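give me the fold of what follows.
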Amino acid sequence: MKKSIFFGALTVAGLAAGVAAAGTLDDVKARGKLNCGVVTGLAGFGAPNADGRWEGFDVAVCRAVAAAVLGDGDAVEFIPTTAKTRFTALASGEIDMLARNTTWTFSRDVDLKFNFVGVNYYDGQGFMAPKALGVSSAKDLDGATVCIQTGTTTELNLADFFRTNNISYEPVPIETNAEAQQQYLAGACDVYTTDASGLASSRATFENPGDHILLPEIISKEPLGPLVRHGDDEWADAVRWTLNALIAAEELGVTSANVGEIGTSTNNPEVKRLLGTEGTLGEMLGLNADWAAKAIAVGGNYGEIFAKNIGEETPIGLARGLNAQWTNGGLLYSPPFR
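The predicted structure is shown next:
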C-alpha cells in the first residue's frame, strides 16, 4: 500500500473514532436536522429535481431516517459527496450518515471504521459501450480505453478483471458520474464501467439511450448500503432499523396508503410492533412509538420506493432481481421486529 493511501486511511479512521464518541442520535435531535451525504447527481438514486428538491432511491433512505428520528422527512440537509470526499465527510462529522451507492467491503468496515447498517441495493459492476463499437462481451475489450471513477471498488475490480482475462486496457480517470457521462459521450473512452444500476441510470439520461448497450458481464458483488461511524451504536441502530422497517413493511403489506390505520386494524402482532401500537420497540431505540410508521409514511415501503425511483416503469427501468423480497426469490430480508 502506498504511504499516502495508508496515512489517508489512518486519518479517516482517526476522525471517525473521535467524532463517534459525541453521540450522533442526540446531536441530530438537538440540531433538529439530519445531515445526509448523497451522490453529486445520479438519476433515480440521488439528484435535485427541477425545483431543487432532492429525490431518489438513496435520498428516500435519508428522508425515512429523518422522519423516524425527527418526525419530519424534510428535516434533512443533503450534502453532495464524490467517491473521494464521501468517507472524509462522514469520518469528520460533516455528515451524520452516508447514503450514496457505496459498496460494503471488509476494509471500509474494519480499516476505515465505518458501520454499514444494511444493504438497500444488491448490485454488481458492469460495462456500457456504444453499439457502434461492435463488441458483445467485456472480454472483447482488449486495448480499450475505460472511463473509471477513482477511489472506488470499481477501479480495483476493473484491474482484476482485465488481469484475470489476460487483456489490456487504458484507464481514463474521472471523479463524478457527470464527468464520466461527458467523457464517455465525447468519445474520450471506449466504455464506461461502474455499478450496473449506475450505468442504467446514466443511459436513461442520454439523448439516444438505444445507441448504447450494457455488456452481459457482471464482474463483482456490490452490496450497496447506508453507513455511519464506528462506535456510535445508538445512531447505527436508529439508521439500521429504519432501513429494516422499510424492507419489513413491504413484506408485511404496510404501505404509505394504509400505514395510518393498519396498526390498529390488523391482527398481525409483528405489524403492531413495527408500527408502535403494541410493544416498546421505539422506546428501545430512544425514539417515539410511531417512528417506523413515520418513516414508511414519507416515501412508502421498500417496494414503493424502488418502483417510484428506479423500477421498470421509470426511465431507469430496473427489475427487482436480487432486490426482490426473499419470499419472491430475492435477497431482501429484514430481521424480525420483536
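
lowest-confidence helix or strand of the chain?
helix 3-20 (a mean of 50; mean pLDDT, DSSP states H and E).

which elements pack onto the following helix or strand past that helix?
Downstream of helix 3-20, the first helix or strand assigned by DSSP states H and E is helix 24-31. On a contact count with 3 or more C-beta pairs under 8 Å, 6 or more residues apart in numbering; DSSP states H and E, helix 24-31 meets helix 57-70, helix 233-252. Any C-beta I mention is one placed from the backbone N, CA and C, and that applies to glycine too.

so which of the ones you listed gets nearest residue 115?
helix 233-252 (4.8 Å; C-beta to C-beta).

taking helix 24-31 as reference, get the angle to the closest one.
90 degrees (axes from the mean of the first three to the mean of the last three C-alpha atoms, to 10 degrees).

give me the mean pLDDT for helix 233-252.
The average pLDDT for helix 233-252 rounds to 98.

which elements pack onto that helix?
Packing partners of helix 233-252 (3+ C-beta pairs under 8 Å, 6+ apart): helix 24-31, helix 57-70, strand 227-229, helix 269-275, helix 281-285, helix 291-299, helix 302-309.

only C-alpha atoms, please: export it in CSV.
Provided in CSV are the C-alpha atoms of helix 233-252 (Å, rounded to 0.1, in the frame of the first residue of the first chain):
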residue,chain,number,x,y,z
ASP,A,233,-24.2,2.2,18.3
GLU,A,234,-27.4,4.1,19.3
TRP,A,235,-27.2,6.0,16.0
ALA,A,236,-26.3,2.9,14.0
ASP,A,237,-29.3,1.1,15.5
ALA,A,238,-31.7,4.0,14.5
VAL,A,239,-30.5,4.0,10.9
ARG,A,240,-30.3,0.2,10.6
TRP,A,241,-33.8,-0.4,11.9
THR,A,242,-35.3,2.4,9.8
LEU,A,243,-33.9,0.6,6.7
ASN,A,244,-35.2,-2.7,8.1
ALA,A,245,-38.6,-1.1,8.7
LEU,A,246,-38.9,-0.1,5.0
ILE,A,247,-38.0,-3.7,4.0
ALA,A,248,-40.2,-5.4,6.5
ALA,A,249,-43.2,-3.1,5.7
GLU,A,250,-43.2,-4.4,2.1
GLU,A,251,-43.2,-8.0,3.2
LEU,A,252,-46.0,-7.3,5.8
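
now that helix: buried residues?
The neighbour-count check on helix 233-252 (16 or more other C-beta atoms under 10 Å) flags 235-252 as buried.

all helices for the stretch 51-200 of the chain, in order.
Taking DSSP state H, counting those that start in this stretch to define them, one finds helices in the stretch 51-200 of the chain at 57-70, 86-92, 106-110, 153-164, 177-185, 196-204.

returning to that earlier point: and of the helices and strands packed on helix 24-31, who's closest to residue 79?
In terms of C-beta to C-beta, the element of these nearest to residue 79 is helix 57-70, at 10.0 Å.

distance between that closest one and the chain's centre?
Taking the mean of its C-alpha atoms, helix 57-70 sits 12 Å from the chain's own mean (C-alpha atoms, centre = their mean, to the nearest Å).

got the angle for it vs helix 291-299?
Per the same axes, to 10 degrees, the angle that helix 57-70 makes with helix 291-299 is 140 degrees.

against which helices or strands is helix 57-70 packed?
Secondary-structure packing of helix 57-70 (3+ C-beta pairs under 8 Å, 6+ apart): helix 24-31, strand 34-39, strand 76-81, helix 233-252, helix 291-299, helix 302-309.

between the ones you listed, which one is closest to residue 121.
Closest to residue 121 of those, according to C-beta to C-beta: helix 302-309, at 8.6 Å.

so what does that closest one touch, helix or strand wise?
Applying 3+ C-beta pairs under 8 Å, 6+ apart, one finds that helix 302-309 makes contact with helix 57-70, helix 233-252.

low-confidence stretches in the protein?
1-22 (pLDDT under 70).

tell me how far the residue most central in space within it lies from residue 109.
Centroid check for the chain by C-alpha atoms, centre = their mean gives residue 101 as the closest residue, at 3.6 Å. From residue 101 across to residue 109, the span is 17 Å (C-beta to C-beta, to the nearest Å).

ditto for residue 116
Distance of residue 116 to residue 109, given as C-beta to C-beta: 6 Å.

the more surrounded of those two?
Taking other C-beta atoms under 10 Å, residue 116 and residue 109 do not tie; residue 116 has more neighbours (20 against 14).

how many neighbours does residue 290 have?
If you count neighbours by other C-beta under 10 Å, residue 290 ends up with 20.

please shift the residue numbers so they start at 335 in all later answers.
Sure, I'll start counting at 335 from here, so that last one is residue 624.

residues contacting it?
By C-beta atoms under 8 Å, 6 or more residues apart in numbering, the contact set of residue 624 is 609-610, 616.
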